[in-house]
Structures are given as C-alpha cells and as structure tokens.
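>>> need a 3D model of the sequence below.
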Amino acid sequence: MGEGVKSRLPAVTAMAHPNLALVKYWGQRDAARQLPLNASISVNLSGATTTTTVQFDTALEGDEFELNGVPPAPAALARVSAHLQRIRDLAGSTACARVRSRNSFPAGIGIASSAAGFAALTLAGTRAAGLALEARELSALARLGSGSACRSIPDGFAEWLVGSGEDSYAVQLAKPEHWNLQIVTVYFDPQPKAISSLEGHRAAPSSPFFEARLQQLGETLNTVRRAVLERDFGTLGMTVEREALSLHLIAMSSRVAEQPQLSGIYYWQPQTLALIHAVQRWRTEGLEVYFTLDAGPAVHLLVEAANRAALLEAVGGALGELGGQVLVSAPGMGARVVAGG
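Now for the predicted structure:
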C-alpha cells in the first residue's frame, strides 16, 4: 500500500468553460496539428463548465477516463490518452493518468463541450505532471486536443491566430468585464449530433461556397473585432448572425465522404429554425436580440444586459410550444486550477 501511495503524483483539478464562436473556425489546413484555415473570435460561456481532475500514477497500466461518472467510448478514451501522451512527452514522464471529468451541460449539441474538455484537461494535466506552462503554451497545446479548446484558455473574449504550429494559439481580445453581454443558449434534444465537428471540418472544402466564405472572412474578423472592442452591439449582432448562417450553408452543401447517401450535413432541428424566425420577429417588434449557432442544433441568443429579462420572457413563451432548455451566460473566465497544483 505504501508503495502505491508513493507512485502517485498529487491530483490537480481544473475548470474551463466552453466558448461560443462569434467568427467560426470551419475547415482545417492541417488536421493532424489542428491548424485552422482561418482565424476566429469567441467568448467564454460562464453558465457552462467542465471540471477535470488528473492524477498521474506509475502503478496504472493504462490511462483511465470517466466522463460524468461513466467510462466513455473507446474512441474518446483514445483521444484523451493521446493528449495525455503529449503532456507526458513534455514532462519526460511515462506514468499513466487517472482522469475524472464532469460537464454541467450536454455534449455534442453545439455548446463546444470538446473545447471546454480539452482546455481543462490541458491545464490539469500539465500541472499534475509538474509543468508550469505560460498561457500561450497552454493554448497551443490545448489546440492539439481539440482546435477550439485553445480559445477556452484565455479569459473573456479571445481570438485564435492561424499560425503554422506553435504560433497557432488564442490571445485575449477583451476581459470578461469589458462588456456585460448576456448569452441565452437554448437547446432541445440533448443527444449528440450524428455528424461530428471533426467530420464537418473534413467535409467543408467540398462545398462550392467554401472559398467564397474564406474570401470574406478577413472583413468579418475586422468588423467583429472592432465591434467587441467598441461594444457596438448592433454591428456585432448582425455580423455574427450572418456569419453563423454562412457556416451552416457550408455544412449543408458539403459532401461527407464516409456517408455518400447524405446530400449534406444538417445540424438544425425544426425547433432551431422556429427560434431563428422568432428572433427576426422579436427584433421587428423592438427587442434587440441576435442569434448565432455553432455546429449543432443549439441556438445562442445575444442580448445586452438591460434586455435580458425581456428576452427570457420571450424565450419562455416560445418554449411553451417548442420545448427545450435554457442556459444563461455572461462572458466567462478562462481555464483555471480550482484544487491542487
């Protein structure tokens, strides 16, 4: 028993939030290194968290992983183990790890669970291995686990720089307290989407509209960056709404090589479109609210703090017909250690 205790390094627990892309990452330049074809801008969602504990133990014969108290599918374990190996390589260690992770929100429905998961795993894992990486290094390392995880490392609003390797990481664009935006996330079916984001990235270049989106992204990034810094809600809202639709246009017109029977990737559910129509109506009636969507059916509604109560009332009325659940966030902190380390 004494030897077993000595074989373990101290456990470290880290917490991270999923991030909502305001300008989307869709399409990879290098899939193995998770390098994007375009820069992207996001905001952390304070109302959703992933909490992950990592402990290295030389007595273990292999990595162990539980998510919400349940062992995951072999592919998920392999992905976590591959990321742990990156950490072991940096630390010069051969010890396997025990990983326990818990989400406060459903995975695989368009709320960036992998971003929060790999950001928390990266921070907890490196600290548990005795490493003290700077924010840039953490972000670049998290990117290798899940591309958008790099954006969950900084606090508040972040921009992911394209780069070509270690220089592809996220930097803070603005602190959480810079702008008290409210993000009301509405999700309907908690079941994971049928086509993963990884498959969507691979399929994206097959869309006939893919290059056109890339050509306009420079202007979109400049507009959104300026709108965030100047707290220009109207410009931000309309730009991110149209940007979200452009991503889904690419998805719907992409060809999934492994599933030739599909004409495209359809992440929306009927309730998704109904809520999009409701947003247009609410805005026409004087409630300034905008939507965005990641690669999933969940709808994220952006509103300024003064209109939060009015929006929640409108959403409550809509959900009487549509069903669904609501998650309310403000700009959130980045990944941080909450125990050990």
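>>> how's the chain carved up into domains?
The chain is divided into the following domains under automatic domain parsing: 2-176, 181-329.
>>> immediately after the strand or helix carrying R127, which helix or strand?
In the assignment (DSSP states H and E), R127 maps to helix 113-128. Per DSSP H and E, the first helix or strand lying C-terminal to helix 113-128 is helix 135-145.
>>> which residues are contacting that next one?
Outside helix 135-145, the residues that touch it by CB atoms under 8 Å, 6 or more residues apart in numbering are 33-34, 79, 82-83, 86-87, 90, 114, 118-119, 121-123, 126, 133, 149-154, 160, 166-171, 334-335. All C-beta atoms are positioned from the backbone trio N, CA, C, and that covers glycine.
>>> looking at the domains of the chain, which is closest to G340?
domain 2-176 (4.0 Å; CB to CB).
>>> now that closest one: average pLDDT?
In this model, domain 2-176 carries a mean pLDDT of 93.
>>> now do the contacts for the residue nearest the centre of the chain.
Note on the chain: the residue nearest the mean C-alpha position is A112, at 3.1 Å, using CA atoms, centre = their mean. The neighbours of A112, taking CB under 8 Å, 6+ apart as the test, are 18-21, 45, 148, 152, 294.
>>> go again with 10 Å.
A112 makes contact with 17-21, 42, 44-45, 48, 50, 105, 119, 146, 148-149, 151-152, 197, 294-296, 298, according to CB atoms under 10 Å, 6 or more residues apart in numbering.
>>> please apply the same query to L249.
207, 209-210, 212-213, 264.
>>> again, only this time at 6 Å
Applying CB atoms under 6 Å, 6 or more residues apart in numbering, we find L249 in contact with F209.
>>> relative to L37, how far out is it?
Distance, L249 to L37, by CB to CB, to the nearest Å: 16 Å.
>>> cool, and T223?
According to CB to CB, T223 stands 19 Å off from L37.
>>> V171 too?
Per CB to CB, V171 is found 19 Å from L37.
>>> more crowded one of these two?
Using other CB atoms under 10 Å as the criterion, V171 and L37 rank with L37 on top: 18 against 15.
>>> test my guess that that one contacts W26.
No: contact between L37 and W26 fails when scored by CB atoms under 6 Å: they sit 8.0 Å apart.
>>> for the one helix or strand S101 maps to, buried residues please.
Per DSSP H and E, S101 falls inside strand 96-103. Using 16 or more other CB atoms under 10 Å as the test for burial, strand 96-103 gives 96-101, 103.
>>> returning to what we had before: possible to save the domains of the chain as TSV with distance to G341?
Output for the domains of the chain, formatted as TSV (distance: least, CB to CB, whole Å):
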stretch	distance to G341
domain 2-176	4
domain 181-329	26
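>>> pick the most buried one from those domains.
domain 2-176 (a mean of 21; mean count of other CB atoms under 10 Å).
>>> now do it: distance to the chain's middle.
11 Å (CA atoms, centre = their mean, to the nearest Å).
>>> ok, A339 - contacts?
T13.
>>> quickly list what it is bridged to.
A339 has these beta-bridge partners by DSSP bridges: T13.
>>> how close does it get to F105?
For A339 relative to F105 (CB to CB), the value is 21 Å.
>>> and what of I276?
From I276 across to F105, the span is 21 Å (CB to CB).
>>> what of P72?
P72 is 16 Å from F105, by CB to CB.
>>> same question for L37.
From L37 to F105 the distance is 28 Å (CB to CB).
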